[in-house]
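Trainee: build me a model:
(one chain, ligands or ions: 1)
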Amino acid sequence: PKAKGLKDYYQKYFPIGVAVAVRNLQGDEAQLIKKQFNSITAENAMKMASIQPKEGLFYWKDADSIVSFAQKNGIKVRGHNLCWHEQTPDWFFKDNEGKQVTKAVLLQRLKTHITAVVSRYKGKIYAWDVVNEAVDDDPNGYLRNSKWYQICGEDFISKAFEYAHEADPDVKLFYNDYNTERPEKWEQIYKLLKSLKDKGVPIDGVGLQAHWSVVEPTEAELRSAIERYSSLGLKIQFTELDISIYPWEKIKRARKPGESDAFTPELEKAQMEKYAMVFKVFRAYKNVITNVTFWNISDRYSWLDNYPVAGRKNYPLLFDHHLQPKKAYWEVINFK
Ligand code: XIL
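Mentor: Now for the predicted structure:
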């Protein structure tokens, strides 16, 4: 019999996904993806800047390669993302003379973009992150003061969902954000989701990015977040899971000379315990959780190696540099 992977252990729960770039679709990484995962997300290839770098100039090659790799191997695709304040080219917001466009023009551009992308992958992508990170981090704020917000007010959010729904009425539509289990942010996210539901906007679920660390979230925070959001009748997907070995507050600054970035046995244990806890909670809520996706494949490469500052190695995933399962992996498949 074939050796089992994460996807097989979680067959009765939810698909297990991974974020990839085209370069990962060959060699040992491709083998690992096929063995372990049954959902895939483009780490960057479907973002606005990748797909439409200039107005009307659509670049599909990388996104197409990822979708065809998935189809060939019986893997589902999660789309990420249709509207964000980052990795969005400036032309969206400007006219020929460099002046800021009107709300009508910007919404038309948003519609053209979303319609093109969602239609191209109709039937091939089963869920989309429609709007990413529209909520502000300030506990006293509400929506992020992005270009989208400055020009359109909050309407860009509901419009984005409507355009996506028109292009593919069957695809599942998600609002996606980070720090969704932090008490200082969850009220604002809940408020946004509730207002979308109350307005009848076609939204199916909320994506919790899950860029966590060995110190957060606590089990209580995670459970409350799941209960709170799902009480709105929304499905939940964990869309960008990784467990940093550094608390977020620490990686905001560059590594000092001599400061270690080793994966010590203490950190390995703390990470293993956090992974065990979060997957135990995920299994307990399997009726509302419809996907859990890791952000990158293995500790060989993580976006956290370069974010928010370069030069601090991280070890946030379930597989090590040699693509071997780490201790945390065995905890994740230990259904005790
Ligand atoms: C990251 C990618 O992993 C990096 O390669 C890129 O340089 C920046 O974006 N939240 C998101 C993802 O929604 O799209 C981000 O991905 C990570 C944070």
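
Trainee: okay, helices next: where are they in the stretch 101-250 of the chain?
Mentor: 103-120, 147-152, 155-167, 183-198, 219-230, 248-251 (DSSP state H, counting those that start in this stretch).

Trainee: what's the burial count for whichever residue of the stretch 201-336 of the chain sits closest to the ligand?
Mentor: The nearest approach of the stretch 201-336 of the chain to the ligand comes at residue 303, 3.3 Å away (CB to the nearest ligand atom). Quick note: C-beta positions are derived from backbone N, CA and C, even for glycine. Neighbourhood size, residue 303 [other CB atoms under 10 Å]: 16.

Trainee: buried deepest among the helices of the stretch 101-250 of the chain, which one?
Mentor: helix 155-167 (a mean of 21; mean count of other CB atoms under 10 Å).

Trainee: show me what that helix is in contact with.
Mentor: Contacting residues not belonging to helix 155-167 are listed as 82-83, 103, 106-107, 110-111, 114-115, 118-119, 122, 128, 130-131, 134, 143, 148-149, 152, 171, 173, 175, 192, 196, 199, 201-203 [CB atoms under 8 Å, 6 or more residues apart in numbering].

Trainee: worst mean pLDDT among the helices of the stretch 101-250 of the chain?
Mentor: Mean pLDDT is lowest for helix 248-251 among the helices of the stretch 101-250 of the chain, at a mean of 74.

Trainee: how about the residues of the stretch 1-150 of the chain by the ligand?
Mentor: 43, 44, 132 (CB under 6 Å from any ligand atom).

Trainee: can you pull the phi/psi pair for the nearest residue to the first one once chain neighbours are set aside?
Mentor: So that's residue 43. Once flanking residues are discounted, residue 43 sits nearest to residue 19: 4.3 Å by CB to CB, 6 or more residues apart in numbering. Dihedral pair for residue 19: phi -90, psi 130, per degrees, to the nearest 10.

Trainee: which residues touch residue 19?
Mentor: With CB under 8 Å, 6+ apart, residue 19 has these contacts: 40, 41, 42, 43, 80, 240, 293, 294, 295, 296.

Trainee: not counting its neighbours along the chain, what's nearest the last one?
Mentor: For residue 296, the nearest residue in space outside its immediate sequence neighbours is residue 302; the separation is 4.9 Å by CB to CB, 6+ apart.

Trainee: tell me which of the helices of the stretch 101-250 of the chain sits nearest to residue 334.
Mentor: helix 219-230 (16.8 Å; CB to CB).

Trainee: circling back to that earlier point, quick one: buried ones out of the residues of the stretch 1-150 of the chain next to the ligand?
Mentor: Burial by neighbour count, 16 or more other CB atoms under 10 Å: within those this picks out 43, 44, 132.

Trainee: and of the residues you listed, the nearest to residue 24?
Mentor: Of these, the one sitting nearest to residue 24 (CB to CB) turns out to be residue 43, at 8.6 Å.

Trainee: centroid-wise, who is the farthest residue in this structure?
Mentor: residue 97 (35.1 Å; CA atoms, centre = their mean).

Trainee: tell me the SS of it?
Mentor: coil (DSSP: H, G, I helix; E, B strand; the rest coil).

Trainee: would you mind measuring from it to the ligand?
Mentor: To the ligand, residue 97 is 30 Å away according to CB to the nearest ligand atom, to the nearest Å.

Trainee: equivalent analysis for residue 34, please.
Mentor: 21 Å.

Trainee: with residue 40 instead?
Mentor: Relative to the ligand, and taking CB to the nearest ligand atom, residue 40 is found at 14 Å.

Trainee: do I have it right that that residue meets residue 15?
Mentor: No. Applying CB atoms under 8 Å, one finds residue 40 not in contact with residue 15, separated by 9.7 Å.

Trainee: got any residues that touch both of those two?
Mentor: residue 76.

Trainee: can you give the distance of stretch 50-68 from its chain's centre?
Mentor: Averaged C-alpha coordinates place stretch 50-68 at 19 Å from its chain's average position (CA atoms, centre = their mean, to the nearest Å).

Trainee: what's the span of that stretch from first residue to last?
Mentor: 17 Å (CA to CA, to the nearest Å).

Trainee: of the contacts of residue 19, which belong to strands?
Mentor: 40, 41, 42, 80, 240, 293, 294 (DSSP state E).

Trainee: bridging residues for the second one?
Mentor: When you say that, I think you mean residue 41. Bridge pairing for residue 41 (DSSP bridges) gives the partners residue 19, residue 78.

Trainee: next, count neighbours for it.
Mentor: Neighbour tally, residue 41, other CB under 10 Å: 28.

Trainee: dump the residue contacts of residue 74.
Mentor: Contacts for residue 74 (CB under 8 Å, 6+ apart) come out as residue 38.

Trainee: run through who's touching the one helix or strand in the chain whose mean pLDDT sits lowest.
Mentor: Least confident helix or strand of the chain, by mean pLDDT, DSSP states H and E, is helix 248-251 with a mean of 74. Contact with helix 248-251 is made by 213, 216, 244, 304, 307, 308, 309, 312, 314, as judged by CB under 8 Å, 6+ apart.
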